[in-house]
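Chemist: After the sequence you'll find the predicted model.
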Amino acid sequence: MLAAAGVMFAASMAGAQAPQREFCADRPGLDTPPCTLAPGRIQVETGALDFTHDRNADGTTDTLLAGDTLVRIGLGEHVEGQVAWTPYGHVRMRDAATGIVSNTSRVGDVTLAMRRNLRNPDGSGASLAVMPYVTLPVGRAPIGAGDWGTGLLVPMAFDLGGPLHLALTPEVDAAVDEDGHGRHLAYGSMAGLGIDLTDALNLTVEAEALRDRDPSGHGTVANAAVSLAWQRGENTQFDIGAVAGLNRHSPDGQVYIGVARRF
């Protein structure tokens with residue numbers, strides 16, 4: 001549905017085909033790139049499967065997401081709009097004390113974002129952008145947050161020479177409270193090192209620290225991640241990745257696969 005809406009939008013735009021830029025996808029990984037699509041171009045990025053496992057003193061939670069989709073639309077030389085939605089999520093919870101197992105399937109929330117590039121919209125050299133976003137409570141718990149949220153990301157990327165690239169994404173959020181009512185401050189950053197193994201194959205290693213000041217208890221989420229992206233042709237990319245939690249406030253592990261396609 002999102003992809004179809006994006007195609008209709010592009011068809012309504014007048015003029016010749018937009019100029020091509022180097023392929024630059026939001027996925028995979030924790031960081032957000034500062035690149036923007038050329039005007040009139042559309043990119044659809046989908047997480048085919050995304051599985052997260054978390055075990056603590058209260059029990060075990062397994063979360064499966066399918067079809068998690070981001071649609072990006074080039075609106076100007078330095079501006080793109082984004083719509084993201086999770087059409088299916090399943091959560092299996094096992095209570096440590098009673099052994100009771102519960103299964104819940106839901107749709108997720110919708111996220112609307114605008115990325116404004118401030119330097120090098122193709123992501124080359126030293127590139128910088130600002131990206132405000134808002135989440136709309138379309139889904140229900142435990143996949144949906146239960147209330148609206150908002151935040152600001154400041155994606156940065158730097159060519160280090162040769163095959164090496166550095167990415168940073170500081171952010172500050174008005175995150176939804178754990179009980180689904182109201183918002184609280186969360187802030188932190190992601191950092192990643194990308195390595196071009198070949199012209200088509202890229203390896204990225206990343207770290208993330210996010211301070212969450214939820215009224216139910218403050219904590220810092222800390223993760224390490226590795227991902228591999230393979231570009232097939234000029235407009236298609238396939239990816240796979242894994243995330244490991246580094247402390248008790250973070251899920252134990254996550255694995256995912258996905259694809260991105262530019263139109």
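Modeler: Perfect, I can see it now. Remember, it's a predicted structure, so these values are computed and weren't measured experimentally.
Chemist: As a quick check, tell me the outermost residue of the chain.
Modeler: In the chain, residue 98 marks the outermost C-alpha relative to the chain mean, sitting 35.1 Å out by CA atoms, centre = their mean.
Chemist: Helix, strand or coil: sort out it for me.
Modeler: coil (DSSP: H, G, I helix; E, B strand; the rest coil).
Chemist: From residue 59, how far off is it?
Modeler: 9 Å (CB to CB, to the nearest Å). Backbone N, C-alpha and C define where each C-beta goes, glycine included.
Chemist: swap in residue 247?
Modeler: For residue 247, the distance to residue 59 - CB to CB - is 18 Å.
Chemist: repeat for residue 144
Modeler: In this view, residue 144 and residue 59 are 21 Å apart by CB to CB.
Chemist: With residue 259 instead?
Modeler: From residue 259 across to residue 59, the span is 33 Å (CB to CB).
Chemist: Repeat that for residue 210.
Modeler: Where residue 59 is concerned, residue 210 sits at a distance of 23 Å (CB to CB).
Chemist: Residue 220 and residue 208 touch, don't they?
Modeler: No - counting by CB atoms under 8 Å, residue 220 stays clear of residue 208, with 10.2 Å between them.
Chemist: In terms of neighbours, single out the busier of the two.
Modeler: residue 208 (21 against 15; other CB atoms under 10 Å).
Chemist: how about that one, what does it touch?
Modeler: 30, 188, 189, 190, 191, 221, 222, 223, 224, 225 (CB atoms under 8 Å, 6 or more residues apart in numbering).
Chemist: Which phi and psi values does the first one adopt?
Modeler: For residue 30, the backbone dihedrals (degrees, to the nearest 10) come out as phi -90, psi -30.
Chemist: one step back: compare neighbour counts for residue 144 and residue 59 and give me the winner.
Modeler: Each of residue 144 and residue 59 has its neighbours counted (other CB under 10 Å); residue 144 has more, 21 against 17.
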